[in-house]
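Chemist: Build me a model from this:
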Amino acid sequence: MPDNGTDGLTDAQKTLKACAEILYWVNRCDLPQDRRRAACEAPLAVLLTHEAGTAVSCLRAIWHAFHSFELLEDHRSRKLGQEPVLISVASSFPEEVAEMCRACLKHPERQKGYFDYFELREALTPAISMLGQYGNLADIATLRQLAGLEQLGSSALDAIRCIEDRLMTARLAG
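Modeler: Okay, the predicted model is just below:
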């Protein structure tokens, strides 16, 4: 992947570039898993720069782009070698994505969108949803605080249910 640098890029552009780099490396099935993960360290560090406030918004933009072009439905059937094509940063780095979501919810005032017409709810709602998918028991307290808010309450309750269901399934399986 060519390194065009990040000089002159906005925080959102740097974040989107980091997401693209991660998706590039995790899909390099010609490389061993440890080499792929190592190549993702620098772009993950960009996403984990919470002060920028752009990680969740860019993850949402990527999801929306894949969804808009109906790539979500057929990506499982396409293969690179023997591995399915990964179109989500979270599928390879769920703990890191959960950390990004926690930072987003802890500091909503820092959140910015990739586009100028950003609405804060466009970052908070996906952060809540992804925290439900990738978060843990400790995240339920944060989600309960959000459950009483008019615009975020139903998303927070859904996320709590998702965490509880995942924990119950894990308990029954183990």
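
Chemist: which helices and strands does the helix or strand where residue 164 lies pack with?
Modeler: For residue 164, the element it lies in under DSSP states H and E is helix 153-173. If contacts are counted by 3 or more CB pairs under 8 Å, 6 or more residues apart in numbering; DSSP states H and E, helix 153-173 sits against helix 121-134, helix 139-147. In this view, the C-beta of every residue, glycine as well, is placed from N, C-alpha and C.

Chemist: mind listing what's buried in that helix?
Modeler: Neighbour counts over helix 153-173 (16 or more other CB atoms under 10 Å) mark 155, 156, 157, 159, 160, 162, 163, 166 as buried.

Chemist: ok but residue 115 is inside a helix, no?
Modeler: No. Residue 115 is assigned coil when assessed by DSSP: H, G, I helix; E, B strand; the rest coil, not a helix.

Chemist: and it, what pLDDT?
Modeler: With respect to pLDDT, residue 115 has a value of 76.

Chemist: weakest of the helices and strands packed on helix 153-173 by average pLDDT?
Modeler: helix 121-134 (a mean of 93).

Chemist: Name the stretch among the helices and strands packed on helix 153-173 that sits most buried.
Modeler: helix 121-134 (a mean of 22; mean count of other CB atoms under 10 Å).

Chemist: Now tell me what touches it from outside.
Modeler: Outside helix 121-134, the residues within contact range by CB atoms under 8 Å, 6 or more residues apart in numbering are 53, 56-57, 59-60, 63, 90, 94-95, 97-98, 100-102, 104-105, 108, 111, 113, 139, 142-143, 146, 151-152, 155-156, 158-163.

Chemist: ok, 6 Å please
Modeler: With contacts defined as CB atoms under 6 Å, 6 or more residues apart in numbering, helix 121-134 is touched by 56-57, 60, 94, 97-98, 101, 104-105, 111, 139, 151-152, 155-156, 159, 162-163.

Chemist: Same question for stretch 153-169.
Modeler: With contact meaning CB under 6 Å, 6+ apart, stretch 153-169 is reached by 125, 128, 131, 132, 135, 140, 143, 146, 147.

Chemist: let's see it at 10 Å
Modeler: Applying CB atoms under 10 Å, 6 or more residues apart in numbering, the external contacts of stretch 153-169 come out as 101, 105, 121, 124-149, 152.

Chemist: where does this structure dip in pLDDT?
Modeler: Within the chain, the stretches with pLDDT under 70 are 1-4, 6, 67-82.

Chemist: what do you get if the cut-off is 90, keeping everything else the same?
Modeler: Within the chain, the ranges that satisfy pLDDT under 90 run 1-9, 29, 60-88, 91, 112-123, 170-171, 174.
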